[in-house]
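Engineer: Model the structure of this input:
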Amino acid sequence: MATDLFDLSGKVALVTGASRGIGEAIAKLFGEQGAHVIVSSRKVDDCQRVAEEIESAGGSAEALACHVGNMEDITSTFQYISDTHGKLDILVNNAAANPYFGHVLDTDLGAYNKTVEVNIRGYFFMSIEAGKLMRENGGGSIVNTASVNGMHPGPGQGIYSISKAAVINMTKTFARECAPFNIRCNALLPGLTKTKFAGALFTHDEFYQEAIKSIPMSRHAEPKEMAGTVLYLASNASTYTTGECIVVDGGMYA
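Structural biologist: Purely as a prediction, here's the structure:
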């Protein structure tokens, strides 16, 4: 008999940055497992495509525009979820910004602000609003997409790496403080993954080749290879798991 530990039937899940890449893969897997998926990103068009593909495959989904770097968007998003669904069971903070690739000494204020507004402030207040809804309804699961760069700064990715280190600590903070409300908070730390977001890493051939040499599996990951870990963290398979940061990097830092 197949296990139902990964069954998300009856759950409402919000996945940010879900119009492509890792977020899209997570949203589609959640849909396959029975969740109603709120597919969110800055622009609604690509979210609508993903939502329609989930529904075409027999799942339940809707598209919702939300720029997590904009506080008004965060407020309106959770007001909509509260008014429409009355609850939120799963939040996946996956939207992220990485506008600058280069030496840390050349980082300008614009790149710094954009990275911090989305990757730190955005995750923080999305988690707060989700946590309030979850507290009212007996619990839930928050999953943050961090990065292996949060533990080992990536070359040319200074402020991005710093922001992801903050996400790791944020994950542990929410896990400790929200556990009494049956709210779990964990993080996925992807290694080198082929996404449009990580495009700069793949166009610098020297960096890419060096990275591949350091990965025992000798290849980069595809977005769908990250989704299973997030499903575990969002589902009843991980009911005693909180504050954990799971590295999925092909053995790079083993």
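
Engineer: Who are the contact partners of the residue nearest the centre of the chain?
Structural biologist: Among the residues of the chain, the smallest C-alpha distance to the mean C-alpha position (C-alpha atoms, centre = their mean) belongs to Asn94, namely 2.4 Å. Residues counted as contacts of Asn94 (C-beta atoms under 8 Å, 6 or more residues apart in numbering) are 15-18, 22-23, 26, 145. Just so you know, the C-beta spots here come from the backbone N, C-alpha and C atoms, and that holds for glycine as well.

Engineer: So for it, what's the pLDDT?
Structural biologist: What the model reports for Asn94 is a pLDDT of 98.

Engineer: How much space separates it from Gly23?
Structural biologist: To Gly23, Asn94 is 4 Å away according to C-beta to C-beta, to the nearest Å.

Engineer: Give me the common contacts of the two.
Structural biologist: Both Asn94 and Gly23 are contacted by 15-17, 145, under the criterion C-beta under 8 Å, 6+ apart.

Engineer: can you dump the C-alpha coordinates of the one helix or strand Glu24 maps to into PDB?
Structural biologist: Take DSSP states H and E as the rule and Glu24 turns out to sit in helix 21-32. Extracted as PDB, the C-alpha positions of helix 21-32 are listed here (Å, rounded to 0.1, in the frame of the first residue of the first chain):
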ATOM      1  CA  GLY A  21      12.500  27.300 -12.200                       C
ATOM      2  CA  ILE A  22      12.500  25.700  -8.800                       C
ATOM      3  CA  GLY A  23       9.300  27.500  -7.800                       C
ATOM      4  CA  GLU A  24       7.400  26.200 -10.800                       C
ATOM      5  CA  ALA A  25       8.600  22.600 -10.100                       C
ATOM      6  CA  ILE A  26       7.500  22.900  -6.500                       C
ATOM      7  CA  ALA A  27       4.100  24.300  -7.400                       C
ATOM      8  CA  LYS A  28       3.500  21.500 -10.000                       C
ATOM      9  CA  LEU A  29       4.500  18.800  -7.500                       C
ATOM     10  CA  PHE A  30       2.300  20.200  -4.800                       C
ATOM     11  CA  GLY A  31      -0.600  20.200  -7.400                       C
ATOM     12  CA  GLU A  32       0.100  16.500  -8.100                       C
END
